[in-house]
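Novice: predicted coordinates and the sequence they were generated for:
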There are 2 protein chains.
Amino acid sequence: LKIVALAGGTGAAKFLRGLVAVADPSDVTIVGNTGDDLELWGLSISPDLDTVMYTLAGRVDEAKGWGVANDSFHVRAAMARLGCDTFFALGDEDIATHLHRTERLRAGLTLSQVTDELRTKLGVRSPILPMSDDRVRTRVKTPGGWLDFQEFFVRDRCGPDVVDVRYEGAERSRVAPGVIEAIHTADVVILCPSNPVSSVGPILAVPGVLGALVETTAHVVAVSPIVGGAAVSGPAAKMMRAKGLEVSVAGVARAYEGLLDALVVDTRDGAFAEDLRATGTSVVVTDIVMADRTREIALAQDVLKSAP
Amino acid sequence: LKIVALAGGTGAAKFLRGLVAVADPSDVTIVGNTGDDLELWGLSISPDLDTVMYTLAGRVDEAKGWGVANDSFHVRAAMARLGCDTFFALGDEDIATHLHRTERLRAGLTLSQVTDELRTKLGVRSPILPMSDDRVRTRVKTPGGWLDFQEFFVRDRCGPDVVDVRYEGAERSRVAPGVIEAIHTADVVILCPSNPVSSVGPILAVPGVLGALVETTAHVVAVSPIVGGAAVSGPAAKMMRAKGLEVSVAGVARAYEGLLDALVVDTRDGAFAEDLRATGTSVVVTDIVMADRTREIALAQDVLKSAP
């Protein structure tokens, strides 16, 4: 079974950890969001790619859902003493990843190539493809002006109201090698339980991805990141509202309109299932909150079972 | 008293720590060697500038004579796991310095500007000027071929024989802003107790420096890095021999021929003093091994007393 998963950060990573426990990891191709990439201290940082990579490598900080477990923060403390911006909490081991990525990018490798190097070195068997090797940046419009995604998300802790979201550079970006082919030849394409606006949205904004999802003969299934009318984690609610989407599984269905063969929603949202089915989308109702490893695996199984 | 000090690494740094205890630190302009600068993990590293800076900031690792005291090595351990080259032992706090330098250089600042930023942030009152903002690299010819200085010095622990030494890029390099002016307007110019070939040599190889030392009305005095016919530390002996210099205070005098008003040598080398004086150089015989802070200060006083 060839599987392609479009993935954001923490939620997607947990889901993928369940998925590679029930499917052959080398048959799972992950297409990662790079819209929230950033540069800090001259380092090229790809938070979503790394969260997926660290999680699948068994190195993620479980409590935070990102970063490396038991990491130290000595470089960061020294950067603070030098007066540098330290809102983004990079641990020492994490910094090694970014140093390596930055050095290889400057040496002329693409982000795809470096990402493949890194995940291989960390023992991750699933290919991780960035959505694009070109620079795409998710920007968030607040009453105070446009912010970089990480300024809004980390520095300002999702505090400001969100008026609009855009994917800077997306129209001119080229989809990364292998992404379109993987979607075309997949049996199942999964839109992971990630923010449809700031995690999956940037991937869909890369020219060619939407078309490939429409064209593919694969079963296309999304897992709702919304449970009981609220985001499981992160700023999905604010972002969805800014894009005119209801903060509900109906809103998720609308975000992916025309793409889905199935949508997996939580038992709490079972009441919406009938309405959604009326629109022709198959709906799977299950427990989608991944409280532990067992639930991650069970959810992955439910998602795969949605395929005919 | 306006003082200019041409400085290498550890020996120079100890001497300078004594000097700023007996002179106004802001009147001591340090011109640092950048011939042993290197790039590792994409970071721009200036070992000699940093050794002087950390020492004057009271942060140096006293046992090693370089790096930051009580530093941790978590990034390095992670880099090793990623298969990166880790021969150069960068500590975590040290890495913050290099990250900051690298980012600022990429932002378009000169090495002079970044060095001034860093020493100011670390509370060092003496201006530290790199010899040049252009790339100069000390290269060491061994029977096995040409090596970068740090490959010879750190990776190969000065093991190979030295056939020749050259300062790549020196002829085309431009002397850093302020260096020539500082030498011209100084009352005293000190050639610190550093390797005359691999530490002071690169500084003298930058066009304009040698001329300024000849022209200046300042008292020019060198402190011998050779005691009792051997280098106090490091590979000076091998390097001096490769350049046809005797490994003795006479060899040091020859390395600086035509430049010196005075040479400060150790009591163990007092026998050479008469020969040297015959060549017209004033010789100060004292205890030049800086075993503790008291000796660092006493040596600085002896050096300043050599001026008329």
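Specialist: Yep, that arrived.
Novice: can you list the residues of the stretch 101-250 of chain A near chain B?
Specialist: A:102, A:103, A:106, A:118, A:121 (Cβ under 8 Å from any Cβ of the partner chain). (Each C-beta comes from the backbone N, C-alpha and C, glycine too.)
Novice: for residue B:234, state which of the residues you listed is nearest.
Specialist: residue A:103 (28.8 Å; Cβ to Cβ).
Novice: which of the residues of the stretch 101-250 of chain A next to chain B are buried?
Specialist: A:102, A:103, A:118, A:121 (16 or more other Cβ atoms under 10 Å in any protein chain shown).
Novice: got a markdown table for those, with secondary structure, pLDDT and distance to residue A:170 too?
Specialist: Formatted as a markdown table, the entries for these read as follows, by DSSP: H, G, I helix; E, B strand; the rest coil; pLDDT from 0 to 100; distance: Cβ to Cβ, whole Å:
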| residue | secondary structure | pLDDT | distance to residue A:170 |
| --- | --- | --- | --- |
| A:102 | helix | 97 | 23 |
| A:103 | helix | 96 | 27 |
| A:118 | helix | 98 | 24 |
| A:121 | helix | 96 | 29 |
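Novice: quick one on the thing from earlier: go through the residues of the stretch 101-250 of chain A next to chain B and say which is closest to residue A:290.
Specialist: residue A:118 (24.6 Å).
Novice: stretch A:186-205: how far from the chain's middle?
Specialist: Relative to the centre of its chain, stretch A:186-205 is centred 7 Å away, using Cα atoms, centre = their mean, to the nearest Å.
Novice: picking that back up, I'd like the residues of the stretch 101-250 of chain A next to chain B laid out as JSON lines, including distance to residue B:144.
Specialist: JSON lines is the format used below for those (distance: Cβ to Cβ, whole Å):
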{"residue": "A:102", "distance to residue B:144": "31"}
{"residue": "A:103", "distance to residue B:144": "26"}
{"residue": "A:106", "distance to residue B:144": "29"}
{"residue": "A:118", "distance to residue B:144": "33"}
{"residue": "A:121", "distance to residue B:144": "30"}
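Novice: pull the most distant pair out of the residues you listed.
Specialist: Of all pairs drawn from these, the widest gap by Cβ to Cβ lies between A:106 and A:121 and measures 18.2 Å.
Novice: which stretches of the stretch 201-308 of chain A form strands?
Specialist: A:219-223, A:226-227, A:230-231, A:262-266, A:282-286 (DSSP state E, counting those that start in this stretch).
Novice: lowest mean pLDDT across these, which one is that?
Specialist: Mean pLDDT is lowest for strand A:230-231 among the strands of the stretch 201-308 of chain A, at a mean of 82.
Novice: what does it rub up against?
Specialist: Contacts of strand A:230-231 with the rest of the structure, by Cβ atoms under 8 Å, 6 or more residues apart in numbering or on different chains, involve A:195, A:225, A:237, A:247.
Novice: what's around the third one, how many residues?
Specialist: A total of 21 residues lie near residue A:237 under the criterion other Cβ atoms under 10 Å in any protein chain shown.
Novice: quick check: pLDDT value at it.
Specialist: At residue A:237, pLDDT is 90.
Novice: distance of it from residue A:191?
Specialist: 18 Å (Cβ to Cβ, to the nearest Å).
Novice: going along the chain, name the helices of the stretch 151-300 of chain A.
Specialist: According to DSSP state H, counting those that start in this stretch, the stretch 151-300 of chain A carries its helices in the segments A:179-185, A:200-205, A:209-215, A:236-242, A:249-255, A:270-278, A:293-305.
Novice: mind listing residues that contact the first one?
Specialist: Residues from elsewhere that reach helix A:179-185 (Cβ under 8 Å, 6+ apart): A:2, A:4, A:29, A:31, A:129, A:131, A:189, A:206, A:208-209, A:212-213, A:215-216, A:218.
Novice: check the longest one too.
Specialist: Counting contacts by Cβ under 8 Å, 6+ apart, the residues outside helix A:293-305 that touch it are A:1, A:3, A:14-15, A:17-19, A:21-23, A:188, A:190, A:221, A:223, A:264, A:284, A:286-290.
Novice: narrow those residues to just the buried residues.
Specialist: Members of these classed as buried by 16+ other Cβ under 10 Å are A:3, A:14-15, A:17-19, A:22-23, A:188, A:190, A:221, A:223, A:264, A:284, A:286, A:288, A:290.
Novice: just to revisit the earlier point, from the residues of the stretch 101-250 of chain A next to chain B, pick the one nearest residue A:277.
Specialist: Nearest member of these to residue A:277, counting by Cβ to Cβ, is residue A:118, at 41.7 Å.
Novice: pull up the gap between that closest one and residue A:41, please.
Specialist: 18 Å.
Novice: ok, now residue A:177?
Specialist: Using Cβ to Cβ, we find residue A:177 at a distance of 29 Å from residue A:41.
Novice: do residue A:147 as well
Specialist: Applying Cβ to Cβ to residue A:147 and residue A:41 gives a distance of 19 Å.
Novice: how about the nearest residue to residue A:70 once chain neighbours are set aside, what does it touch?
Specialist: Distances taken as Cβ to Cβ, 6 or more residues apart in numbering or on different chains place residue A:61 nearest to residue A:70, at 7.7 Å, with adjacent residues excluded. Shown in contact with residue A:61 (Cβ under 8 Å, 6+ apart): A:54, A:67, A:68, A:69, A:70, A:71.
Novice: from those residues, which two are the most distant?
Specialist: Farthest pair in those (Cβ to Cβ) is A:54 and A:70. Separation: 12.0 Å.
Novice: no further queries at this time; thank you.
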